[in-house]
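*Asks:* Here is my input, please return the structure:
(chains A and B)
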Amino acid sequence: MNKRILFAVIITVILCGLAQAKTTITWWQFWTDPNIKPVIEKMVTEFEQANPDIDIQLTDLTWANGHEKIVIAFGSKTGPDIVELGSDWIAEFAANNLLMDMSTQVASDSADYEGWGMATYDGKVFARPWILGTRVLFANRDLLTQAGYKENFIPLTFEQLNEATKKIQALSPSIYGWGSNAPEKHRLYKKFLPFFWSHGAKLFSDDGSMCLLASDSSIKALKVYKELHDSCGFVADQRGIEDAFLEGKIGFIISGDWLLKRIELENRKINLLSSFIPGTKLLGKSFQGGEFLAVNTASKHPREAMRFIQFITSPENQVKFCVANRSANPSSLEAQKDDYFSSSIHLQTFIRQIKFANHPPVDPDWVYIEQAIEEAVENALFRSGLVAHSLYEARKKIEKIKAQ
Amino acid sequence: MKWSKAGALALALPWLLTFGIFWLFPIIYSFIIGFTDQQLLAADTQWVGFDNYRALLSDPDFLKSLKNTFIFVLGTIPLTTVIALGMALLIDKQFPGRGLFRSGFFLPSITSMVVIALIFTNLYQRGGYIALLSEMIGLSPPEHGFLYSGETALFSIMAMDVWMAVGYYMLIFLAGLKSIPRELYESAEINGAGKIRQFFSITLPLLKPVALFILVVNSIKSFQVFVEIFVMTKGKFETSTMVYFIYETGLTTKFEFGYASAAAYVLFVIIGVFALAQFLLFRRKQVAW
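*Replies:* Residues are numbered from 1 along each chain as shown, chains lettered A, B, ... in the order given. Model prediction:
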């Protein structure tokens, strides 16, 4: 009898233990800003309360070395269950079978979200869009007025932009018409590509067999970009350009929604104009990127991981995130309708601009391709290289990369 | 007290383990993977023989970084050595405030390279103090700042490096000067040798071992230049050096361990040959007293 009781107690204890055992999901993410981190943590707590069987372990990454950490972790088979990836990185991981194909899991609500193109490689979806991003043209209205422009002036074409930058440049030796990016890795190409696309240029032929980087329209685009740089460019890294712009020293810059956040949080007094990327005749095309959530192929809990991703990317949580981070482009179409996004004309500029934005090809060799593009721009802008020759050399390099 | 062999081994074990795991193993392993196409994310690795080394010889980025490294080494070492020796000779004399100068010259050597690089990045920028000074003496600084021009960026970094390093080598020269017996100078003076003769016949020959040490140490350090490039230009504007190339290839972008290891061994061989040449050059006429 005693043995039976003992046996029953042991079984009960084991079952209780099993019932309480939690599934631990590890999530690596980049949002360490004190404005947004508590919001992320709160979302995690809410999810854990709603799913008591799941424990989310959060690890912070930094933009300075986050990519390296992720690559090393995946390379050494110690990657997390869920990882936040920049749009340009997805193909590199997907091509090496490191990300779970989530095409089936996201099929039911994919129509309610934007940004799938950046997460699709080889016909399969490898990540879920979270927060998207684009670039718009910012201008200092006061400088435009001083240069003789009416208050409602918006440069719609590159010609108008060029003329306005020159007029602003002429105001004073300490005022610059245009904020021109120094050759910063992973940034310079994002500034040039809007010019490139807005001139109708393409990186590859439709079947992907030919690199078209040195086409006539591409050469025109780089010439327009170079003219702005040569005639009135204030050259610095992105942060330096934004600092100078906020100090009222620059007429026009291209930047993202983080600039709105800086203006608000740092209480900057600037008469701001936000506008779409200009075009040759009509409006041009901007750059599109974003943050995506992916599941490690080696994850032992893909179902739970997907459940968490769906929770974090839900319309309500995207709105919470965007409000805290002052982000302008949630991937959820429902979230985009929230009153917050219509509360500012500048947020509206971003929401509309992203409809006219391209993203780079989803290619595992993109890191090399973007390097070749940046070298061409750097050569033309900073080393007095001929525009056509620089692009031709970059095209040769890209063709070599693709051939390998 | 006598130590048994086992006891001695036990005491040496922590160092041996550290040496084996963190030095010896990576050195051997990186030599081996230099003959493979290993990439961190790639599933399989192929043995490629000398392909990586052959590819390096035709890689324009590597050749450019090799050229920049040699410009850096050959430009900074003679300048650093001559200025450090000159400063040591001046500081060796007795004059009021000598200690202040000595500390002042040495201060940059004990300051973090990152801090100095950031300060100089500001000094070199458009409208910065160095640009203003250049204008005052009638020189036109580069339009976008010294670090944003392929013609001036590397030389600007080299100048900063010389400024930073001279204090440390001055102190070593000073120690060498102190070790030269005063009697030699007294004897030379009695025999009618002037100051210049004394310098070339006593000071310089007796400083040769110190100079050799400085040249070898400074060469190795200069061949490995990285932090200043990373902080100030990220290898842009013709400033990419060999270690920066290895970092870019092996630890960013696609983590090409095999290719980066091969480049690292090329650098190893170059440093070895350079150091050996310096030893041979200085061994010919060793002076003793």
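
*Asks:* Next one: the closest residue to A:Ala119 other than its chain neighbours relative to chain B, how far apart?
*Replies:* Distances taken as Cβ to Cβ, 6 or more residues apart in numbering or on different chains place A:Ala127 nearest to A:Ala119, at 4.1 Å, with adjacent residues excluded. The C-beta positions use only the backbone N, C-alpha and C, and glycine is treated the same way. Remark: distance between A:Ala127 and chain B (Cβ to the nearest Cβ, to the nearest Å) = 16 Å.

*Asks:* now the one helix or strand B:Pro26 maps to, how far from the centre of its chain.
*Replies:* Assigned by DSSP states H and E, B:Pro26 falls within helix B:25-33. Here helix B:25-33 is found 24 Å from its chain centre; the criterion is Cα atoms, centre = their mean, to the nearest Å.

*Asks:* these two touch, right, the residue nearest to A:Ala119 and A:Ile90?
*Replies:* Yes - with contact defined as Cβ atoms under 8 Å, A:Ala127 and A:Ile90 form a contacting pair (5.3 Å).

*Asks:* More neighbours: which of these two?
*Replies:* A:Ala127 (30 against 23; other Cβ atoms under 10 Å in any protein chain shown).

*Asks:* Enumerate every residue touching that one.
*Replies:* A:85, A:90, A:99, A:102, A:119, A:292-294 (Cβ atoms under 8 Å, 6 or more residues apart in numbering or on different chains).

*Asks:* Next: B:Ile33.
*Replies:* Counting by Cβ under 8 Å, 6+ apart, B:Ile33 has contacts B:45, B:257-258, B:261.

*Asks:* cool, and A:Ile154?
*Replies:* A:273, A:275.

*Asks:* Find the helix or strand that residue 67 is a member of.
*Replies:* I went with chain A, as the question did not name one. helix A:66-75.

*Asks:* Switch to chain B, please.
*Replies:* helix B:60-92.

*Asks:* tell me the mean pLDDT for that helix?
*Replies:* Across helix B:60-92, the average pLDDT comes to 95.

*Asks:* That helix and chain A in contact?
*Replies:* No - Helix B:60-92 lies out of reach of chain A by Cβ under 8 Å from any Cβ of the partner chain, never closer than 9.3 Å.

*Asks:* Beyond that helix, next helix or strand please.
*Replies:* Downstream of helix B:60-92, the next assigned helix or strand under DSSP H and E is helix B:98-106.

*Asks:* I'd like to know which elements that next one is packed against.
*Replies:* The contact analysis (3 or more Cβ pairs under 8 Å, 6 or more residues apart in numbering or on different chains; DSSP states H and E) places helix B:98-106 against helix B:60-92, helix B:153-178.

*Asks:* to the chain's geometric centre, what's the distance from that helix?
*Replies:* The answer for helix B:98-106 is 22 Å, by Cα atoms, centre = their mean.

*Asks:* got the angle between it and helix B:60-92?
*Replies:* With axes from the mean of the first three to the mean of the last three Cα atoms, to 10 degrees applied, the angle from helix B:98-106 to helix B:60-92 works out at 180 degrees.

*Asks:* Buried residues in the following helix or strand past helix B:98-106, which are they?
*Replies:* Per DSSP H and E, the first helix or strand lying C-terminal to helix B:98-106 is helix B:113-124. Residues B:113, B:116-117, B:120-121, B:123-124 are the ones in helix B:113-124 that count as buried (16 or more other Cβ atoms under 10 Å in any protein chain shown).

*Asks:* closest to chain A among the contacts of B:Ile33?
*Replies:* Ranked by distance to chain A (Cβ to the nearest Cβ), the contacts of B:Ile33 are led by B:Phe257 at 9.3 Å.

*Asks:* Not counting its neighbours along the chain, what's nearest the closest one?
*Replies:* Leaving aside its sequence neighbours, B:Phe257 sits nearest to B:Gln38 (Cβ to Cβ, 6+ apart; 4.5 Å).

*Asks:* how about that neighbour, phi and psi?
*Replies:* Main-chain dihedrals, B:Gln38, degrees, to the nearest 10: phi -60, psi 130.

*Asks:* Next: A:Ile254.
*Replies:* For A:Ile254, the backbone dihedrals are phi -110, psi 130 (criterion: degrees, to the nearest 10).

*Asks:* which stretch of helix or strand covers the residue of the stretch 101-250 of chain A found nearest chain B?
*Replies:* Residue nearest to chain B within the stretch 101-250 of chain A: A:Val235 (4.0 Å; Cβ to the nearest Cβ). In the assignment (DSSP H and E), A:Val235 maps to strand A:233-236.
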